[in-house]
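Asks: Sharing a sequence plus its predicted fold:
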Amino acid sequence: MYILNDYVKINNTNIEGRIIKIENKKIIVFANDKYIKTDISNITKIKPKQTKNTSTNINLKIYSPPIDEIMLRHQTVDEALENLDKFIDNAICNNVKIVKIIHGKRGGILRKEVHKYLENSPYVKEHRLGGYYEGSYGVTIAFLK
């Protein structure tokens, strides 16, 4: 009897892997970065290979670079301000000091509301419209504390 995550060897090959799915009399094995479908009668259960380092204390840290830019175009003012609030919180938590807020050039309503939000935020030192190569008046650059 086989269960999910059992280590198996596909008979008459050197392929060893882990069972990821069992369907009727077929088994799907993940081995060598591939999914292999075979009959249940074509596999043999094996013990997983041990590596030389059998330490159980493994601290994996997944690195995800902090995001320093947000696109608010085509959002309502309420949606944009809610997303901006979450974005600023995340930037502060990731120690980002300069952020780019893309609000678009048309109308200026969203830009005015974004600037009003930034002026009242305790996390923002100052802000300015983007320069020519930053997106001009369709972008606001904010400097965080």
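Replies: Everything's here; your move.

Asks: Show me what counts as buried in stretch 5-18.
Replies: Using 16 or more other Cβ atoms under 10 Å as the test for burial, stretch 5-18 gives Asp6, Val8, Lys9, Ile10, Ile15, Glu16, Gly17. C-beta coordinates here come from the backbone N, C-alpha and C atoms, glycine included.

Asks: try stretch 95-102
Replies: Across stretch 95-102, burial judged by 16+ other Cβ under 10 Å covers Val96, Val99, Lys100, Ile101, Ile102.

Asks: ok, and what's touching it?
Replies: Stretch 95-102 has contacts (Cβ atoms under 8 Å, 6 or more residues apart in numbering) with 66-73, 84, 87-88, 91, 114, 130, 134-135, 138-144.

Asks: can you rerun that using 7 Å?
Replies: Here stretch 95-102 makes contact (Cβ atoms under 7 Å, 6 or more residues apart in numbering) with 66, 68-73, 84, 91, 114, 135, 138-144.

Asks: Figure out how far stretch 116-135 is from the centre of its chain.
Replies: Centroid separation between stretch 116-135 and its chain, computed with Cα atoms, centre = their mean, to the nearest Å, is 26 Å.

Asks: Which residues does that stretch contact?
Replies: For stretch 116-135, the external contacting residues (Cβ under 7 Å, 6+ apart) are 81, 84, 88, 92, 102, 115, 136-137, 139-145.
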